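Colleague: the amino acid sequence is not available; the structure is as follows:
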């Protein structure tokens, strides 16, 4: 039997009612999908507000957020580095690590804006190991931030002439004397239209000719600008999507979005839907969102507002249907527990995924990380289980050898004097696993883990409650157990 998407078809704004209430489950869904998690205080505050207002506020905050302050080396060329090779190499490594660290801090702290810059990093893919230049890395990242919720046409236009992209997709090798089709092909196949959707090989050939000229790369001066060289541009007549003329780079983008706008809008909205709503697409919703994009001249903001305030988005059928990448998984956990932002653990999370194919600035290949179920295999699951325990142990160490933040979470979910361990366990499970567990036996196993070595008579007599000395350790044991369950991988 094929799996179905049983959510409603309503793109109008979500209006809570008795049959479809605004509750903790939906608030967690909103924050986990748009901002990589919000703590219990944020969730509780949200329940006193209108969900549409909160979603719109998240989007507005993302749009209003200034770009991350550029580093001093943002536009360095090779000549700006120390002439000593060893010192220069260390400078480059330090700068790459510096900006990787900064991006992880931004991802954790900057809500939807950097949630989206990270997302587009896996759409407009480049690989740092191809060009190994900090300033080009920064300039690429700046475009990701600048257009994260901006105009998708201009996003595409600016991205495809960044040095990082021109190096990665061989644009610097594409001349009138020796055309290279790589950038032209990926522009259509991955960035805008999708595979075999509205273009021909002839379109690719003539597009590659139109994209010639961005060849001013001096291989002896890494990190220098890559200017347009008119003498290397093909000035002959090209036909692209039925339009004939002496086309250049900007003409390609304009013709593409004019002649193939509906296909682009459907491809992008389909991808956004599968990655932010449900892996199983709802075609009628995607078509409606695509029309919003076209009606608004390819601006992303109206699409986001339409989707993330809709009754369709808040449908419970979408809750806990997506498996996030390792970095997103751990960042969301930090938000869920309410842990303070500590640069060292955020940096460690960002770079711990290297071994499990989520390397910052280095997605798997030009098509990016496959995502969703591909994140889970026999190697990555133990890593994801252990890392949750490691994160809690890290905070245990820096917060005076105590798990008190876990007690705080338990108290906020129940009550300071709550003495029913079964209720505590269910509340924590419902918070961390919004769709709960499937079987009563699983709840019983979780309860057994939570009770740990505390004698049963303490529970029976009411001597035990959330103020019990070892209650935080019991919550640690419970979360460690939950982290190994399939449901915990879903957000």
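Modeller: That came in fine, so what should we check first? Note that the structure is predicted; figures quoted are calculated from it, not measured.
Colleague: buried ones in the longest helix belonging to the chain?
Modeller: Secondary structure of the chain per DSSP state H: the longest helix is helix 85-109. By 16 or more other C-beta atoms under 10 Å, the buried positions in helix 85-109 come out as 91-92, 95-96, 99-108. Every residue, glycine included, has its C-beta placed from N, CA and C.
Colleague: count of neighbours near the nearest residue to residue 128 once chain neighbours are set aside?
Modeller: Distances taken as C-beta to C-beta, 6 or more residues apart in numbering put residue 361 closest to residue 128, at 3.9 Å, once the chain neighbours are dropped. Neighbours of residue 361 under the rule other C-beta atoms under 10 Å: 19.
Colleague: and for the one 3 residues further on?
Modeller: Neighbouring residues of residue 364 were enumerated by other C-beta under 10 Å; the total is 15.
Colleague: what mean pLDDT does stretch 372-392 get?
Modeller: What stretch 372-392 shows for mean pLDDT is 96.
Colleague: skipping adjacent residues, who's closest to the residue most central in space within the chain in space?
Modeller: Geometric centre of the chain, nearest residue: residue 119, 4.0 Å, by C-alpha atoms, centre = their mean. Nearest non-adjacent residue to residue 119, counting by C-beta to C-beta, 6+ apart: residue 275, 6.9 Å away.
Colleague: other SSEs contacting the helix or strand containing the one you found?
Modeller: Under the criterion of DSSP states H and E, residue 275 resides in helix 261-276. Packing contacts for helix 261-276, counted by 3 or more C-beta pairs under 8 Å, 6 or more residues apart in numbering; DSSP states H and E, involve helix 283-295, helix 300-308.
Colleague: which of the ones you listed sits most buried?
Modeller: helix 300-308 (a mean of 21; mean count of other C-beta atoms under 10 Å).
Colleague: packing partners for that one?
Modeller: Using 3+ C-beta pairs under 8 Å, 6+ apart, helix 300-308 is in contact with helix 24-35, helix 51-64, helix 261-276, helix 283-295.
Colleague: how far does that helix sit from the chain's center?
Modeller: Relative to the chain's own centre, helix 300-308 is displaced by 16 Å; criterion: C-alpha atoms, centre = their mean, to the nearest Å.
Colleague: for stretch 185-197, same thing?
Modeller: 21 Å.
Colleague: end-to-end on it?
Modeller: Distance across stretch 185-197, first residue to last, is 12 Å (C-alpha to C-alpha, to the nearest Å).
Colleague: in that stretch, which residues are buried?
Modeller: For stretch 185-197, using 16+ other C-beta under 10 Å, the buried residues are 185-194.
Colleague: same question, stretch 444-464
Modeller: By neighbour count on 16+ other C-beta under 10 Å, the buried set for stretch 444-464 is 446-447, 449-451, 454, 459, 464.
Colleague: coming back round to it: just put the buried residues of stretch 185-197 in CSV and tack on pLDDT, distance to residue 85 and secondary structure.
Modeller: Output for these, formatted as CSV (pLDDT from 0 to 100; distance: C-beta to C-beta, whole Å; DSSP: H, G, I helix; E, B strand; the rest coil):
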residue, pLDDT, distance to residue 85, secondary structure
185, 98, 37, helix
186, 98, 34, helix
187, 98, 36, helix
188, 98, 41, helix
189, 98, 39, helix
190, 98, 36, helix
191, 98, 36, helix
192, 98, 41, helix
193, 98, 44, coil
194, 97, 44, coil
